[in-house]
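Asks: My questions concern the predicted model and sequence given below.
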Amino acid sequence: MSLRRLAPPEVQPASFAFNAENTEWAKATIAKYPQGRQASAVISLLWRGQEQDGWVTHPMIESVARMLGMPFIRVLEVATFYTMFNLEPVGTLIQVCTTTPCWLRGSDAVVDACKKHIHPHEHTLSADGKFSWMEVECLGACVNAPMLQIGSDFYEDIDGPITEQMIADLRAGKDIKPGPANSRRSSEPEGGATSLTDTALYDGSIIGKYKVAAPPQPALTDAEAKKPTQAASDRESPKQKPPGAAT
Ligand code: FES
């Protein structure tokens with residue numbers, strides 16, 4: 001279990017405020033809950049605040065507490081309990097999956113690229129303050145392993161050099177494209193789909209295109225042909241009822 005506490009005062013900003021869009025969103029989110037249950041929105045508001053500023057600050061916790069009518073300590077408890085909340089500046093956080101499928105497919109090289117171009121240790125800001133990285137458990141994209149996550153986007157089918165290029169592009173302020181880094185479309189096989197390729201499947205014209213014949217029935221042997229069916233056999237010799245059973 002890790003010790004989680006807020007970043008020291010010298011790192012904290014002087015204030016926090018949701019921007020106009022997030023303020024409207026927060027009002028609508030709080031209004032979803034019955035009167036007196038506004039505290040239920042605490043995780044949503046902290047998450048939105050983190051999306052806006054990159055990490056959860058002391059003034060943000062105070063602000064969320066005021067918005068929800070909660071004591072500061074209650075919001076602090078939530079922020080420090082859940083590891084998804086960053087309690088110090090993280091820059092662009094690169095989450096590298098190192099669970100078995102990604103590891104087997106080369107996640108060590110992805111981690112090495114992060115160590116080389118960000119910092120030798122995870123959870124540590126790069127010298128320019130722009131990046132940090134961390135290892136995470138399976139992110140559910142094993143079919144495109146190895147992969148990493150930045151923000152809400154997945155970057156898949158990567159390797160060491162691709163990761164290095166991604167970090168360099170981000171550092172230079174360039175956009176990088178989410179999804180598979182090779183020729184794959186989504187999680188299709190490399191080179192394209194190999195099954196369910198008939199476009200008629202997807203435009204409705206499949207109906208009536210294929211005639212499906214009834215499967216051939218095996219011929220009965222002479223003995224099977226003479227054997228009475230179970231229903232006929234039951235009619236001829238009804239099952240014995242247990243003693244005392246109702247008639
Ligand atoms: S093991 Fe990496 S996404 Fe599942």
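Replies: Yep, it's here.

Asks: Show me the contact partners of the helix or strand containing Ala79.
Replies: Counting by DSSP states H and E, the secondary-structure element that holds Ala79 is helix 72-81. With contact meaning C-beta atoms under 8 Å, 6 or more residues apart in numbering, helix 72-81 is reached by 4-6, 39, 42-43, 46, 56, 61-62, 64-65, 68, 85, 87. The C-beta positions use only the backbone N, C-alpha and C, and glycine is treated the same way.

Asks: Just the closest of those to the ligand, please.
Replies: Proximity of those to the ligand was ranked by C-beta to the nearest ligand atom; the top entry is Phe85 with 22.0 Å.

Asks: Mark which of the contacts of helix 72-81 are buried, thanks.
Replies: In the contacts of helix 72-81, burial by neighbour count holds for Leu6, Ala39, Val42, Ile43, Leu46, Val56, Ile61, Val64, Ala65, Leu68, Phe85, Leu87, counting by 16 or more other C-beta atoms under 10 Å.

Asks: Grab the nearest non-local neighbour of the last one.
Replies: In other words, Leu87. By the measure of C-beta to C-beta, 6 or more residues apart in numbering, the closest residue to Leu87 outside its immediate chain neighbours is Leu6, 5.5 Å from it.

Asks: got it, and the third one?
Replies: By the measure of C-beta to C-beta, 6+ apart, the closest residue to Val42 outside its immediate chain neighbours is Val78, 5.3 Å from it.

Asks: How much space separates the one you found from Arg5?
Replies: Using C-beta to C-beta, to the nearest Å, one obtains 14 Å as the distance from Val78 to Arg5.

Asks: ok, Arg48 - contacts?
Replies: Contacts of Arg48 were listed using C-beta under 8 Å, 6+ apart, and they are Phe18, Asn22, Trp25, Ala26, Thr29.

Asks: Hmm, I typed the wrong one, I wanted Trp25.
Replies: Here Trp25 is in contact with Phe18, Arg48 (criterion: C-beta under 8 Å, 6+ apart).

Asks: Can you tell me how far it is from Glu62?
Replies: Noted for Trp25: a distance of 19 Å to Glu62, by C-beta to C-beta.

Asks: now swap in Arg74 and tell me
Replies: Noted for Arg74: a distance of 12 Å to Glu62, by C-beta to C-beta.

Asks: The residue nearest to Val42: neighbour count?
Replies: 18 (other C-beta atoms under 10 Å).
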